[in-house]
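Q: Curious how this folds, go ahead:
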Amino acid sequence: MVYNSTIGLEASIMGAAVLCAGRARFTQYPTVFFPQTIEDVRSKMKVFLAADVIDVPLEFKRNARRFLYYQLFKTSLPFGEFLEPSVRSTQTRLKSFELGDLAASESVQVITQGVMEGGDFLLGG
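A: Predicted coordinates for the structure are as follows:
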C-alpha cells in the first residue's frame, strides 16, 4: 500500500499488487488499485490481507511502464550540457556558459513555447 509515491509505480511495473490510498501522478491511468473513498480503501485492504493470491490486471504493468517511460523521456527536460559534477558525487553545479547557449537549448525552447504559446512542455521526437 502506498499513499502518494512513485514506489507504487515501480512496484506495479514489477507486477506487484499496489493499493494506492491517495492521488499520485500515475493514478489517473489504470496502473494500481485506486479506491475512491476511505471506506473503499479499507475494504480493499481487508480483501488483500485475507487473500492468498491477488489478481493484478495485466494492463497495470503495461500502463505503469508506459507512464514511467513518458515521464522520464518526454517530460523530463535535459540540462546536462550546462551541469558538471560537484564536490559530492550526488550533486552537480552549473558550468560556465554563455546565456545565448542556454536560450538556444532545446529544453529552454520547450519551456518558452509552453509559456508563450500554450505549448505542452514536452520534448519533440
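Q: helix or strand right after whichever helix or strand Ala64 is part of?
A: Secondary structure from DSSP states H and E places Ala64 in helix 58-73. Using DSSP H and E, the helix or strand that follows helix 58-73 in sequence is strand 83-85.
Q: Mind listing residues that contact stretch 114-125?
A: Phe73, Lys74, Thr75, Leu77, Glu106, Ser107, Val110, Ile111, Gln113 (C-beta atoms under 8 Å, 6 or more residues apart in numbering). Placement of C-beta: from N, CA and C, glycine included.
Q: Look up how far Ala24 lies from the residue lying closest to the last one once chain neighbours are set aside.
A: This points to Gln113. Spatial nearest neighbour of Gln113, excluding adjacent residues (C-beta to C-beta, 6 or more residues apart in numbering): Gly119 at 3.7 Å. Going from Gly119 to Ala24 by C-beta to C-beta, to the nearest Å gives 25 Å.
Q: Who has more neighbours out of these two?
A: Ala24 (19 against 13; other C-beta atoms under 10 Å).
Q: Regarding the closest residue to the more buried one other than its chain neighbours, what is its secondary structure?
A: Counting by C-beta to C-beta, 6+ apart, Asn4 is the residue found nearest to Ala24 once chain neighbours are left out, at 4.7 Å. Under the three-state scheme (DSSP: H, G, I helix; E, B strand; the rest coil), Asn4 adopts coil.
Q: What does the pLDDT read for Asn4?
A: Per-residue pLDDT puts Asn4 at 80.
Q: Hmm, it is touching Val32, no?
A: No: look at Asn4 against Val32 with C-beta atoms under 8 Å: they stay out of range, at 11.3 Å.
Q: Quickly list what's touching both of those two.
A: Cys20.
Q: These two: who's more crowded?
A: Val32 (24 against 12).
Q: which ones are touching the more buried one?
A: Val32 neighbours (C-beta under 8 Å, 6+ apart): Val2, Gly8, Leu9, Ser12, Val18, Leu19, Cys20, Phe26, Phe60, Ala64.
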